[in-house]
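Novice: Next comes the sequence, and after it the predicted model I'd like to discuss.
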Amino acid sequence: MSELKTLQEICNELGVTRRAVQGYEKANLVSRVGKNKYGYLLFGEAERDRIRRIKLYQQFGFKIKEIKNLIDAPDCIVKETLERQVLILKKEQEELNTLIEIAKELIAELGK
């Protein structure tokens, strides 16, 4: 049987806030497995992995609504969606690199 962890332990382990996990619950993305004798919410390994995946998808730039469609989708859909997101992220990276170069040029001009 997998080890159950409290909400606080999950938050500390995964670097997510209590409020974020509560939002995931409200959006029906994750469910607690129960409560311990002290009333603390408990999560199992599957829920912990799911929270980790949700957080990762958010870091990739997906919104909760998009994650709801993605989290339980077949692998082929997830792969296709992630491939599209990688292209978007690369474009954003190029734009940021351009802005950084412009800022460096401006800094150099101001330093004269």
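Specialist: Now that the structure is in, tell me what you want to look at. Numbers count the residues shown, from 1 in each chain.
Novice: lowest-pLDDT helix or strand in the chain?
Specialist: strand 34-35 (a mean of 90; mean pLDDT, DSSP states H and E).
Novice: which element follows that one toward the C-terminus?
Specialist: Once strand 34-35 ends, the next helix or strand along the chain (criterion: DSSP states H and E) is strand 41-43.
Novice: Okay, buried residues for the helix or strand following that next one please.
Specialist: Scanning forward in sequence from strand 41-43 by DSSP H and E, the next helix or strand is helix 45-59. By 16 or more other C-beta atoms under 10 Å, the buried positions in helix 45-59 come out as 47, 48, 50, 51, 53, 54, 55, 57, 58. Where C-beta positions appear, they are placed from N, C-alpha and C, glycine not excepted.
Novice: Repeat that for stretch 37-45.
Specialist: Going by 16+ other C-beta under 10 Å, stretch 37-45 has these buried residues: 41, 42, 43, 44.
Novice: Dihedrals phi and psi, residue 40?
Specialist: Per-residue torsions, residue 40: phi -80, psi 140 (degrees, to the nearest 10).
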